[in-house]
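>>> just to be clear, the model below is a prediction. Sequence and coordinates:
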Amino acid sequence: MPLYEHGVCLGDSLTAGARTRYGLAEGLADQLNRATNKRWLLRCEAVNGETVLQVLRRLDQKPWMWKDATFCTLLIGTNDTKAAIATPPEVFRMLYGQVLDRLLVAKLLVFPGLVPDLQLGASLASPYDSSCVERVRRFNDVIREECRARDLGGWLVDTSGLASEHYVDGVHFSEAGIAELARRFADRITRR
């Protein structure tokens, strides 16, 4: 009988798989099941449209979320880059650091992901513009620094450099994008 390991995938629509038939939790469980002698039970705790502040507040409302979980993936920040929201980097730093602290206090091994690149002009209805690309860069610098401060730098997942076929609309992932994202997270998780 195989061993089971429980995890949580925390984030927004990029984690949920808003434009696909499945999200990171399902793709990652499949990748990990194939790569190890364990069975992986991953709970998707992603809400479309959430910002880092909303994730932080939701963590306190769902302590059951962590029952039996040993690790957590974290992919958040894209919605904070929108011109309509434009979370300042110093506020993003404060909130993101508090999210990491709550996950660490819950005794989870955290696998944070960088904010993925945006492909501007891929959709006429996109709320993202060139100012968002600069915020992605600044937020990723913040994520790297906050992870280093908590000795999580080795678990950080690089989500940059995805090809156009990995996106549906320049922001959300295609199934090929979810598969690539899952592969990158699985690579880090299996090396722990």
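Done, it's in. Residues are numbered from 1 along each chain as shown.
>>> for the residue most central in space within the chain, give me the backbone phi and psi.
Centroid check for the chain by Cα atoms, centre = their mean gives residue 75 as the closest residue, at 1.4 Å. Here is the backbone geometry of residue 75 (degrees, to the nearest 10): phi -130, psi 100.
>>> that one bridge partners, please.
With DSSP bridges as the criterion, residue 75 is bridged to residue 11.
>>> can you pull out the strands in the chain?
Counting by DSSP state E, one finds strands in the chain at the ranges 3-11, 38-46, 69-75, 109-112.
>>> pretty sure residue 104 contacts residue 147?
No - here residue 104 does not reach residue 147: they are 11.0 Å apart, not a contact under Cβ atoms under 8 Å. Heads up, the C-betas are built off the backbone N, CA and C, glycines and all.
>>> looking at these two, which one has more neighbours?
residue 147 (22 against 15; other Cβ atoms under 10 Å).
>>> what residues does the more buried one make contact with?
By Cβ atoms under 8 Å, 6 or more residues apart in numbering, the residues touching residue 147 are 100, 112, 153, 155, 156.
>>> 10 Å instead?
Each residue near residue 147 by Cβ atoms under 10 Å, 6 or more residues apart in numbering is listed here: 74, 96, 97, 100, 110, 111, 112, 114, 153, 154, 155, 156.
>>> turn those into a markdown table, including distance to residue 127.
Converted to a markdown table, those look like this (distance: Cβ to Cβ, whole Å):
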| residue | distance to residue 127 |
| --- | --- |
| 74 | 23 |
| 96 | 21 |
| 97 | 26 |
| 100 | 27 |
| 110 | 28 |
| 111 | 28 |
| 112 | 24 |
| 114 | 20 |
| 153 | 31 |
| 154 | 34 |
| 155 | 31 |
| 156 | 27 |
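>>> dump the residues you listed to CSV, plus neighbour count.
Below are those laid out as CSV (neighbours: other Cβ atoms under 10 Å):
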residue, neighbour count
74, 27
96, 27
97, 19
100, 20
110, 20
111, 25
112, 27
114, 20
153, 13
154, 10
155, 21
156, 20
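>>> which of these sits closest to residue 187?
Distance ranking of those against residue 187, using Cβ to Cβ, places residue 111 first at 10.2 Å.
>>> any figure for the gap between that closest one and residue 15?
Note on residue 111: its distance to residue 15, by Cβ to Cβ, to the nearest Å, is 12 Å.
>>> thanks a lot, catch you later.
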